[in-house]
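>>> Here's a sequence, model it:
(chains A and B)
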Amino acid sequence: MTARMLTETGTMTRPEIGLTVPLAIEARGLVKRFDDTLAVDGVDISVPEGAIYGILGPNGAGKTTTLRMLLGIIDPDEGVRRVFGNDRPHEVAKLIGYLPEERGLYPAMKCDEAIAFLGALRGLPLEEGKARGRELLERHGMGHAVDRQIRQLSKGMAQTVQLLGTLVHRPKLVVFDEPFSGLDAINQGKLEVMIRELARDGTTVIFSTHVIHHAERLCDEVAIIAGGKVPYAGSVDVARDRIPAQVRLETRAESGEWRSALPDDARHDVKAGGGHFWYFPVPDSGIEALLERLIDGKAGILSLSVERAGLHDAFVEIAGEAAARALEQDALESVR
Amino acid sequence: MSDTTRLSLLEAARVVARRDFRAILFSRAFFFFLLGPLFPLVIGGLAGGIGGQVQREAVTNMVALSMSAEDNAAMQAARDTLAPQLGYVLPQFIPDTSGEPPAQVLKRDRASFAAVVSGTIEAPVVTAPESQIERWSGPVGLIAATARGSSPNTFPAVAADPVATSTAEARTDRIRTAQAGQLLLFLLMMLLAGMVLSNLVEEKANKVIEVLAAAIPMDAVFLGKLFAMLGVSFVGIAVWATFGGAAALLLGNQLPQLPEPALGWSAFIALGIAYFAMGYLLLGSLFLTIGGMAATVREVQTLSMPVTMMQLLVFFLAASSITRPGSPLELTAAIFPLSSPFAMLARAAQSDAIWPHLLALGWQAVCVILFIRFGALLFKRRVMKSGKAGRAGKERIGATKIA
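Below you'll find the predicted structure:
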């Protein structure tokens, strides 16, 4: 396989806003094999600076391996990647913050020391790291735990400490691997707020997840990954628009002249109270023409709505039923 | 924060080393490390057999024959006649035809004779240090009597010509110093390498390793860990030296005295520290590679066992080559990276040439760099195979099996 070329300028054009934006991360044709398993198979990703970017896929799809290659923890067998224009991610380590899926801190360290140590690994002087660590702990309601050892904290508190350690050196790019796993609903909400704040301040955030709602709520762009391949990478809106909007029609009558206005394969459900539901894509002729024919044909319209496809529908369409089922299964397991 | 976008290799290693140094210094592991010098007493006793063997070999039984050509031949023939019955107690005769006075022959650097037998078979003279005269007078008298053909009841009087010391005796003494140095080096290195290994395993158990690997190159992680442990060991050595000094002051002459090494004590100690550092860095980087590749404590034990056994073999190789300076065996031990520090320390005790040490230290430093780079490469290739799901052996959704 020949490695595909990176862009010469390290930028991408956003037609929807008519601008060329610099890329925080650019990867082309990434391949990684482990023994006899092809874990990642030709992944292409372009993450614009300042975006919230999601890598969405079921467990074992290649999300963590992709992130590790992007960060230089492991090297790809094939392909190229560039972080802030540098093809050796460690060269720009001070600009990056990384929260791995498996959280880990030294149990004997105090909270402020742990945060300062993580900052020191990214070039922040220890004393400054400690001071910022105390400040961050205060701001996130953990001021009382500054002098506590990590081993004395609950799992959730330890996760917060590591998260703060990931951000203490004020990185320009933050990479989270499954950041929501293991968090309760309240802390998931706090993390969502934090991610939005980071993006608002100009930080690029890239995170992997197997929960569609997180990606849908937070991300400007996503890469859908399944079986080590990325069948789609781009705007969430564009992904959703791949599936035509669906009409949800409720009628009093089951049949009549008006039925010819509906496509033959329209799905039909009967409501317990006697109403009939019809589901079908918005016809090429448009909603107004449909509505006229239904009224003229005396369909007895009880309700009509046009529903835009969600990211879940887009995922099924793009990655297939099996991957979608695996994704749902993973999401269920993570809740248990 | 500086303007650069990354830490240099040494800066990154310093961050890791500083954390590890503090963590280890205040841990139970360091307390056990401080008890380390007690182990040589126990293991020294157990290893006494091996040491004794080396020591016996070390006390050479080569004796120069400086008689007339006929008497030399007669003495040699008589020795060969007695050898089947008396074997080990008899000297190995080496005829010396240099014509030099016996005392000079004994001082020759290369000869390493325990004694020189001169005179005639009727009146043999043994020239040697006191202890060696006592050792060889009887066998020389018996051989001379056999050479004369006289009955075992009539032995010729063996004259003694004592000298202060001989090359052989000095060499034997220095071998004791070399052995002591090697044993100390070996025990320290094994103790430290084990500690650095468990440190990395602990790191993997804490799951911190991925955070480190994402922020700084693995070379820096390895280097930092190695130097932290080296620093800890120097603290330990300082503690031991303090206690040792106090014991020396209190006990004075009651302590056993080691003979002065060929290079003198200052250079020997300096080289000892350098070889200890190099030996530890070599073994430690090997153990770190193992620790980096292993996922569980059991895997670490399985993987480290062959290395430990190999290190024992290497130690025995270096230990057994002490008595054969300049031999192919000793040269092999000096060149093979893992045995080089041991073999070269033994050299420092026995030979006063300094350049081989500079060469050896340079070679060992190159090997340390290669070992660390190789370990880091292997870590990147073989570790961090996948996320949680992959490690748990979960079926990958559509992951492709390569035929």
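
>>> how about the helices in the stretch 251-400 of chain B?
B:265-293, B:297-320, B:328-335, B:340-350, B:355-382, B:388-391 (DSSP state H, counting those that start in this stretch).

>>> Turn the ones you listed into TSV, columns for distance to chain A and mean neighbour count.
Where C-beta positions appear, they are placed from N, C-alpha and C, glycine not excepted. Output for those, formatted as TSV (distance: least, C-beta to the nearest C-beta, whole Å; neighbours: other C-beta atoms under 10 Å in any protein chain shown):
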stretch	distance to chain A	mean neighbour count
helix B:265-293	13	22
helix B:297-320	16	16
helix B:328-335	33	17
helix B:340-350	32	27
helix B:355-382	6	16
helix B:388-391	4	18
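
>>> Confidence-wise, which of those is weakest overall?
Out of these, helix B:388-391 stands lowest, with a mean of 45 (criterion: mean pLDDT).

>>> Can you classify the closest residue to A:Gly42 other than its chain neighbours as helix, strand or coil?
Among residues not flanking A:Gly42 along the chain, A:Gly29 sits closest, at 5.1 Å (C-beta to C-beta, 6 or more residues apart in numbering or on different chains). The local conformation at A:Gly29, judged by DSSP: H, G, I helix; E, B strand; the rest coil, is strand.

>>> thought A:Gly29 was touching A:Val40?
No. Between A:Gly29 and A:Val40 there is no contact under C-beta atoms under 8 Å: 10.1 Å.

>>> Those two: which is more packed in?
Set A:Gly29 next to A:Val40 and count neighbours by other C-beta atoms under 10 Å in any protein chain shown: A:Val40 wins out with 30 against 19.

>>> for that one, which residues make a bridge with it?
A:Lys32 (DSSP bridges).

>>> so where's the longest helix in chain B?
helix B:167-206 (DSSP state H).

>>> Report the distance from that helix to the chain centre.
8 Å (C-alpha atoms, centre = their mean, to the nearest Å).

>>> now the angle from it to helix B:297-320?
Per axes from the mean of the first three to the mean of the last three C-alpha atoms, to 10 degrees, the angle that helix B:167-206 makes with helix B:297-320 is 170 degrees.

>>> quick check, helix B:167-206 touching chain A?
Yes. Contact of helix B:167-206 with chain A (C-beta under 8 Å from any C-beta of the partner chain) involves B:Asn206.

>>> touching chain A at all, the helix or strand following that helix?
As assigned by DSSP states H and E, the chain's next helix or strand after helix B:167-206 is helix B:209-215. Yes. Helix B:209-215 is in contact with chain A by C-beta under 8 Å from any C-beta, via B:209-215.

>>> which of those tops the neighbour count?
B:Ala215 (30 neighbours).

>>> Which residues are in contact with that one?
A:93, A:98, A:118, A:121-122, B:12 (C-beta atoms under 8 Å, 6 or more residues apart in numbering or on different chains).

>>> which of these has the most neighbours?
A:Leu118 (30 neighbours).

>>> can you give me the offset of the host helix or strand of that residue from its chain's centre?
Taking DSSP H and E as the criterion, A:Leu118 maps to helix A:111-121. Mean C-alpha position of helix A:111-121 versus that of the full chain (C-alpha atoms, centre = their mean) differs by 27 Å.

>>> Say whether chain B is contacted by that helix.
Yes. Applying C-beta under 8 Å from any C-beta, one finds helix A:111-121 touching chain B at A:117-118, A:120-121.

>>> Name the nearest of the residues you listed relative to chain B.
A:Leu121 (3.9 Å; C-beta to the nearest C-beta).

>>> Including pLDDT, could the residues of helix A:111-121 next to chain B go into JSON lines?
Listed next are the residues of helix A:111-121 next to chain B as JSON lines, based on pLDDT from 0 to 100:
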{"residue": "A:Phe117", "pLDDT": "96"}
{"residue": "A:Leu118", "pLDDT": "96"}
{"residue": "A:Ala120", "pLDDT": "96"}
{"residue": "A:Leu121", "pLDDT": "95"}
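
>>> Can you name the residues of the stretch 151-300 of chain A sitting close to chain B?
A:169, A:177-178, A:226-229.

>>> what's the closest of those residues to chain B?
A:Gly227 (2.6 Å).

>>> isn't that closest one right next to A:Val43, touching?
No. Taking C-beta under 8 Å as the definition, A:Gly227 is not a contact partner of A:Val43, at 11.2 Å.

>>> give me the number of residues near A:Gly320?
Neighbours around A:Gly320, by other C-beta under 10 Å: 16.

>>> show me the contacts for it.
By C-beta under 8 Å, 6+ apart, the neighbours of A:Gly320 are A:Ala226.

>>> Tell me how far the residue nearest to A:Gly42 lies from chain B.
Distance of A:Gly29 to chain B, given as C-beta to the nearest C-beta, to the nearest Å: 15 Å.

>>> Quick check, pLDDT for that residue.
Note on A:Gly29: pLDDT of 93.

>>> same thing with B:Gln257?
62.

>>> Same question for B:Ala262.
pLDDT at B:Ala262 comes out at 73.

>>> For it, grab phi and psi.
In this entry, B:Ala262 is assigned phi and psi values of phi -60, psi -30 (degrees, to the nearest 10).

>>> and the nearest residue to A:Met109 once chain neighbours are set aside, what is it in contact with?
Distances taken as C-beta to C-beta, 6+ apart put A:Ile150 closest to A:Met109, at 5.6 Å, once the chain neighbours are dropped. Shown in contact with A:Ile150 (C-beta under 8 Å, 6+ apart): A:105-111, A:114, A:158, A:161.

>>> Which among those count as buried?
A:105-107, A:109-111, A:114, A:158, A:161 (16 or more other C-beta atoms under 10 Å in any protein chain shown).

>>> Need the residues you listed in CSV (columns: pLDDT and distance to B:Ser266).
Below are those laid out as CSV (pLDDT from 0 to 100; distance: C-beta to C-beta, whole Å):
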residue, pLDDT, distance to B:Ser266
A:Leu105, 91, 46
A:Tyr106, 90, 40
A:Pro107, 89, 44
A:Met109, 92, 41
A:Lys110, 94, 44
A:Cys111, 95, 48
A:Ala114, 95, 44
A:Ala158, 91, 51
A:Val161, 94, 50
